[in-house]
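Asker: build me a structure from this.
(chains A and B)
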Amino acid sequence: MTDLALPRSTGLDTTSEAAKARTRARHRREFRFRLYGIVAIAMTTLFLAVVLGDILVKGLPAFTQHELMLEVNVAREDVDPQATGRPETIRAGDFHKLVRDALRREFPEVTDRAGRRLLDGLLSNGASDVLRDRVVANPGLVGETVRVPVRLSANADLYFKGIGTEITRHIGNGVATPSGTTGEITISVGANAFAEDLGLIKKHVQRQARALRREANRLRQSVEEVEVHKSERNRALLAAPGDSSKKALESEIKDLESEIQSLSQKAQDLETEAAELQRRFDGLAVNEQIGALLPSLLVAINGGLVKVKELGSSDVRGDVLKPLDSADAAESGAWQIIIYETPESNRRVSDREVAWMERLKERGLVINAFNWSFFTSGDSREPELAGIRGALTGTALTLFVTLILCLPIGVAAAVYLEEFAPKNTLTEIMEVNINNLAAVPSIVFGLLGLAMFLNFFGLPRSAPLVGGLVLALLVLPTIIIAARAALKAVPPSIKEAALGVGASHQQAVFHHVLPLAMPGIMTGTIIGMAHALGETAPLLMIGMVAFIVEVPGGITDAATVLPVQIYLWSDLPEIGFQAKTAAAIIVLLAFLFVMNGAAIVMRRRFERRW
Amino acid sequence: MKLTTLASAVALAAAGAFVSGAAEARDQIRIVGSSTVYPFTTTVAEQFGKTSGNKTPVVESTGTGGGMKLFCAGVGVEHPDATNASRRMKKSEFEQCQKNGVEGIVEINIGFDGLTVAQSKQGTPVNLTLPQLLLAVAKEVPGPDGKLIANPYKNWSDIDKSLPNTKIEILGPPPTSGTRDSFHELLLEKGAEQIPELAALKKTDSKAFDKVWKTLREDGAYVEAGENDNVIVAKLEANKNAFGVFGFSFLEENSAKLRGVPLNGVAPEFDAITAGKYVGARRMYVYVKKAHVGVIPGLDAFVAEYVSNKALGEDGYLGKKGLVTLPKSELEQVRKGAADMTPMTADPLH
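Answerer: As a prediction, this is how the structure comes out:
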């Protein structure tokens, strides 16, 4: 290499202004390109974060569960009246009654039937499960008093999780005198003690009045439009030539008139209603009725609780939710006003229930514990009892069937096609078909499975066996393709060396090529299985989309799988299932992460470079 | 070597499973059918599993039509024992059943489902009449001269001045859903009949009339929101001017956020539905194979649980799940029929 060989001036201009400008432009282009890349990654990350964040926010509450710590008296007559001590007798005992009685003891003042039923509604259908298990395991507890966690209903649980109403409290000013301790009472306070609350309620009233007036105004405008239309018709009537057209116009005018009348009437009604509300808002001295459409106002006084029905500036009238200890006058500052922001009609729990729950919380009986039963129980129609153990077991069984079918068949097919099959038109057609099959929509495999396994072979519906077979058909092409790629990646020199020292073709493949290709095959298989894990559509066709409570014990038992469980839960009306759906998605994602993680670890550990 | 042994073991295992799976007797009740009845039957199934000592029945949601097909395919353990239906069995389905040897079919009318139109509580409250509803969603409506024209209505106030001046937007089920069938038959057909021009059309050309209430507009006023009713609920919350079409149980469960729109002056409420006043109510059924009683353990006990007072009674647990229960006298009749396992006849069907 000499300088002479390179001509000095090649016309390569690197110093002129134009060249520098070109360089700068190129740098700018490169910078822009990098920027696009970063923006793309940032957007992907953002979307992913939003999706994951949304699922986590919705789903994490389902992993915890509010429970009541109650002292339950395990009465002998309800559980084991003959004192047999036999577990099966005890198991059949009425444990729900025991729990219900324990909760009623917390609220001795609730004696009416409606109130008791409302109170029972705070408890889940499975409230007594823990108690039952405990007593069955230890029959010595019969007749004793035990402290056990008692499961709350989904509504109560959601309330404690903050999906309820905002509660504000403030201390009452002035000496308050209640007129009684139970029933409907009035509480009088000398000063303008409720002015602030009255203001709040009135603001709500005014908002309603405003909405009504807006609607009335719109109707008035419509009336004007119709009036214009009517006068047009009237003019046309004067100019109308024939009798028949006159008649038509007349009837049209009549219709318009009745329309005007009905619209005006409606507008009038709305205006009256709005005026009534406005009057309530303006008249400071007027007492305010608090209906179900307004925020709830409660007064806590003398150890009792009063739900306000009528609010004046210096006195209130209302129903007692919890009896007062006495009708003595309460000092200024010794009583409280509590406001539940969301109107009662817009809440899933009534004022009474909220008051009870707040009281249980104050007494420290409400605990928030990890919801183990989500992982240990099967499906249920009660959101607070539903668990994913059935779906997890079903998933494991289905994937097991898929794996033991796919792996040997897939690897055998790949080895044969790659190493032994003659290269002719037939094998080429096969190759093309395998590649095509990998892209066939999954529902097609579901229909195939329905026709073949259920209708022709008569295998049971909803069974992991059939699910596994269908998913095996689905992932087989993927595994064959991955296995062939892994076999191809083994350098030919390995095989040639084996053949060179006298091994047969078969020995060379099975002793040398296949073991070296195994890590690649494993990775491909795991990715294929992860794909199978997320499939729902083909399983719908073979009946795995069913309500199954029992945890499956074998591959022919009825079962469902995780993605189908998510699909089923997402379709149920109960609000509590929304969190369960998100929680099941989290579990599915965790399952997927573990599987993909295993694939990565395997690749790292066994990967070989040539 | 090892691979071949493994492969043969797998083949053996698979073959064994095939044989055992096909021949195995069943000790678990299997139910298929309507997704509308699914929430109720699953609740009964769970209670039955908890209290009776039998295995919890497997309930599969296949849609009413799909369920009938499976149910009527034959008698024997490989066929389901019962099917849920959000409408009465059709005569053709009954005949199909008979042809395949499914002869003793016990019909149980479990109660009503209210098909409701709902809106957000934030929106302006409205009352709708069935003709107004039809004019809002039909693809073709009568024009000023009485002839059918493409639906010109953009806002509700275009249909009737007393309705709010907001864009027509109705979220509802897709054509594959049983709820959509009810929407057409219960609300839109009746609405069309109440419009004079269309009533006249029905007399002269009933096919053209059917086309009017069976074809929905595709310009965005009617939005197919998928099979999942919870999606519609979520969309209504986000859009206070939109309306949604779904079952009464979804309305009841979301009553904190949604309000049922009164149709022809009657709001979708429990009492109005049982009294037969609410137009959007339909009866729901469960059909049971008599031939399977005594073969599948617990089937008769399951039927007894379904019609028991604690499930179907006025304060029963199905009522809490949103089922509109039958009036007392009717319930007695249903209960008697279920206890005697009286097979149904083809006469009342059509």
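Asker: ok, residue 43 - how many residues close by?
Answerer: The chain I'm using is chain A. 10 (other Cβ atoms under 10 Å in any protein chain shown). Quick note: C-beta positions are derived from backbone N, CA and C, even for glycine.
Asker: look at chain B instead
Answerer: 23.
Asker: residues contacting the residue nearest to it when sequence neighbours are not counted?
Answerer: Of all residues not flanking B:Thr43 in the chain, A:Arg381 sits nearest, at 4.6 Å (Cβ to Cβ, 6 or more residues apart in numbering or on different chains). A:Arg381 makes contacts with A:Phe547, A:Leu572, B:Pro39, B:Thr42, B:Thr43, B:Glu46, B:Lys321, as judged by Cβ atoms under 8 Å, 6 or more residues apart in numbering or on different chains.
Asker: apply 6 Å and report the result again.
Answerer: Residues near A:Arg381 by Cβ atoms under 6 Å, 6 or more residues apart in numbering or on different chains: B:Thr42, B:Thr43, B:Glu46.
Asker: what does chain A put close to chain B?
Answerer: Within chain A, the positions near chain B by Cβ under 6 Å from any Cβ of the partner chain are A:222, A:263, A:266, A:346-348, A:380-381, A:404, A:408, A:458-460, A:465, A:543, A:546-550, A:556, A:558, A:570-571, A:573-574.
Asker: could you pull out the buried residues of stretch A:426-446?
Answerer: For stretch A:426-446, the neighbour count (16 or more other Cβ atoms under 10 Å in any protein chain shown) marks A:Glu431, A:Ile434, A:Leu437, A:Ala438, A:Ser442, A:Phe445, A:Gly446 as buried.
Asker: selecting buried members of the residues of chain A next to chain B in ChimeraX, what would you type?
Answerer: Per 16+ other Cβ under 10 Å, the buried members of the residues of chain A next to chain B correspond to this ChimeraX selection:
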select /A:222,263,266,346,347,348,380,381,404,408,459,460,465,543,546,547,548,549,550,556,558,570,571,573,574
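Asker: make JSON lines from the contacts of A:Arg381 and add secondary structure and pLDDT to it.
Answerer: Shown next, in JSON lines, are the contacts of A:Arg381 (DSSP: H, G, I helix; E, B strand; the rest coil; pLDDT from 0 to 100):
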{"residue": "B:Thr42", "secondary structure": "helix", "pLDDT": "93"}
{"residue": "B:Thr43", "secondary structure": "helix", "pLDDT": "92"}
{"residue": "B:Glu46", "secondary structure": "helix", "pLDDT": "91"}
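Asker: what about the buried residues of stretch A:426-446, which are in helices?
Answerer: If you go by DSSP state H, these have A:Glu431, A:Ile434, A:Leu437, A:Ser442, A:Phe445, A:Gly446 in helices.
Asker: A:Gly126: which of these is nearest?
Answerer: Within these, the smallest distance to A:Gly126 is 34.5 Å, found for A:Gly446 (Cβ to Cβ).
Asker: give the contact list for the closest one.
Answerer: A:Gly446 touches A:Ala537, A:Pro538, A:Met541, counting by Cβ under 6 Å, 6+ apart.
Asker: next, format the ones in helices among the buried residues of stretch A:426-446 as JSON lines and append pLDDT.
Answerer: Converted to JSON lines, these look like this (pLDDT from 0 to 100):
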{"residue": "A:Glu431", "pLDDT": "90"}
{"residue": "A:Ile434", "pLDDT": "92"}
{"residue": "A:Leu437", "pLDDT": "90"}
{"residue": "A:Ser442", "pLDDT": "90"}
{"residue": "A:Phe445", "pLDDT": "93"}
{"residue": "A:Gly446", "pLDDT": "92"}
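Asker: closest to B:Leu186 out of those residues?
Answerer: Once Cβ to Cβ is applied, the member of these that ends up nearest B:Leu186 is A:Gly446, at 32.4 Å.
Asker: how near is the closest one to chain B?
Answerer: Distance from A:Gly446 to chain B, counting by Cβ to the nearest Cβ, to the nearest Å: 13 Å.
Asker: roughly how far does that residue sit from A:Ile404?
Answerer: 21 Å (Cβ to Cβ, to the nearest Å).
Asker: what does A:Leu447 give?
Answerer: Separation of A:Leu447 from A:Ile404 (Cβ to Cβ): 24 Å.
Asker: check contacts around the residue of the stretch 151-300 of chain A found nearest chain B.
Answerer: When scored by Cβ to the nearest Cβ, the stretch 151-300 of chain A has A:Ser222 as its residue closest to chain B, at 4.2 Å. By Cβ under 6 Å, 6+ apart, the residues touching A:Ser222 are A:Leu263, B:Lys161.
Asker: swap in A:Ala482?
Answerer: A:Gly524.
Asker: with A:Gly333 instead?
Answerer: A:Gly333 neighbours (Cβ under 6 Å, 6+ apart): A:Ile171.
Asker: which helix or which strand is home to it?
Answerer: For A:Gly333, there is no host helix or strand (DSSP states H and E).
Asker: so which residues of the stretch 1-150 of chain B form strands?
Answerer: B:30-33, B:58-60, B:82-85, B:105-120, B:140-142, B:148-150 (DSSP state E, counting those that start in this stretch).
Asker: check which helices and strands the longest one sits against.
Answerer: Under the contact definition 3 or more Cβ pairs under 6 Å, 6 or more residues apart in numbering or on different chains; DSSP states H and E, strand B:105-120 sits against strand B:243-247, helix B:248-253, strand B:258-260, strand B:281-289.
Asker: average pLDDT for the last one?
Answerer: Read it as strand B:281-289. Taken as a whole, strand B:281-289 carries a mean pLDDT of 91.
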